[in-house]
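Asks: Below is the structure, and that's it, no one-letter string:
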């Protein structure tokens, strides 16, 4: 009975697709405090994730920079290559410290990424005011959460079964053993009888 339950468990396990939980990956680009002026574009190639992902669940974009005064004379915005707005950059001129803005990308931006072949996120940084404005970029990071492509196992290996002797073979084996036992016993009796007669 146990063996049957074990075999049934294995068949149930292999008969249905294996659904994997969401997975995540982080991608980082460093710019070594590079100075940009008025406009700049950076791209993340997500083709390696496209090979693994059934869908993109969430993407968080982080940008570390300084030098944005965020006033009427200087306002920086980030958009995608397709023109979707990401966010406005924060003020980052206090004591010349770097700040990190963290933005969660909208479903429409995720659709923009997956609608391309290969998957790609282009981030455009633009100063929308007149004049020449500069900021320094330290790094950009993507934290991506995706649902992997499910793995379906269709070829179920046969379950090995124990060899059970056929009834006829068992009868032959038992009768042979009995016959050998009877012959041995008969020889022993004859030896005893012969030894008693010689006395």
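Replies: Perfect, thanks for sending it. From a predicted model like this one, the values you see are computed outputs, not experimental measurements.

Asks: report the longest helix in the protein, please.
Replies: Scanning the chain for the longest helix, with DSSP state H as the assignment, gives helix 167-197.

Asks: How much space separates residue 177 from residue 169?
Replies: 13 Å (C-beta to C-beta, to the nearest Å). Placement of C-beta: from N, CA and C, glycine included.

Asks: Residue 45 too?
Replies: For residue 45, the distance to residue 169 (C-beta to C-beta) stands at 67 Å.

Asks: cool, and residue 81?
Replies: The value you get for residue 81 to residue 169, if C-beta to C-beta is used, is 76 Å.

Asks: Same drill for the two, tell me which one is more crowded.
Replies: In this view residue 81 and residue 169 are compared by other C-beta atoms under 10 Å, and residue 81 has more residues nearby, 15 against 10.

Asks: from memory the more buried one sits against residue 122, does it?
Replies: Yes - when contacts are counted by C-beta atoms under 8 Å, residue 81 is listed as touching residue 122 (3.0 Å).

Asks: Return every residue with contacts to both of the two.
Replies: With C-beta atoms under 8 Å, 6 or more residues apart in numbering applied, the overlap between the contact sets of residue 81 and residue 122 consists of 41, 43.

Asks: Worst mean pLDDT across the helices and strands of this structure, which element?
Replies: helix 2-15 (a mean of 41; mean pLDDT, DSSP states H and E).

Asks: What's the first helix or strand after that helix?
Replies: strand 23-37 (DSSP states H and E).
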